[in-house]
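Asker: What follows is a protein structure lacking sequence information:
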């Protein structure tokens, strides 16, 4: 009897279901709106582009300050191939840094690093402060 051939797939790293980059960003957008009581809202915008070689999908996490006339700023973006959700390029749109994430765990860690940065906290605190100013003093 021939020897049994073992599975050669990385069983420790395959998870079902896989959390998509879009789901990660949507969760963060709704969390921000809840944390700031609507002073600053999160919104995810998805754009599809065609290049000479590939079709790419980019999910952009933006913050919106309704009290400031709908002022918006893109915080980060996640880009991946149209037919695949990983690997992704996670771009910090505030400082301009980017990193590659090959799995949902790496993507979550990259997003956590960006959203938890001092620069990002400064951006949010500034928008919250401006949003709570008297309407006549908002500039």
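Answerer: Cool, got the structure. Remember, predicted model here, so these are calculated numbers, not experimental data. Numbers count the residues shown, from 1 in each chain.
Asker: low-scoring pLDDT stretches of the chain, where are they?
Answerer: 1, 134-139 (pLDDT under 70).
Asker: Sticking with the residue sitting nearest the centre point of it, tell me its helix or strand.
Answerer: Per C-alpha atoms, centre = their mean, the C-alpha nearest to the average position across the chain is that of residue 25, at 4.2 Å. Using DSSP states H and E, residue 25 falls within helix 21-35.
Asker: what packs against the following helix or strand past that helix?
Answerer: Going down the chain from helix 21-35, the next helix or strand is strand 41-50, by DSSP H and E. Packing partners of strand 41-50 (3 or more C-beta pairs under 8 Å, 6 or more residues apart in numbering; DSSP states H and E): helix 21-35, strand 55-65. C-beta: built from backbone N, CA, C; applies to glycine.
Asker: Can you name the residues in contact with the longest one?
Answerer: Right, the one you point to is helix 21-35. 40-44, 46, 59, 61, 63, 76, 78, 80, 85-86, 88, 104, 107-108, 111, 115, 124 (C-beta atoms under 8 Å, 6 or more residues apart in numbering).
Asker: separation between the residue nearest to the centre of the chain and residue 14?
Answerer: 23 Å (C-beta to C-beta, to the nearest Å).
Asker: Next: residue 112.
Answerer: 22 Å.
Asker: And the two? Which one has more around it.
Answerer: residue 112 (12 against 9; other C-beta atoms under 10 Å).
Asker: Bridged to residue 79, which residues?
Answerer: Here residue 79 sits in beta bridges with residue 58, residue 89, going by DSSP bridges.
Asker: Look at it and say how many residues are nearby.
Answerer: Neighbours around residue 79, by other C-beta under 10 Å: 18.
Asker: pretty sure it contacts residue 55?
Answerer: No. The criterion here is C-beta atoms under 8 Å, and residue 79 misses it with residue 55 at 11.3 Å.
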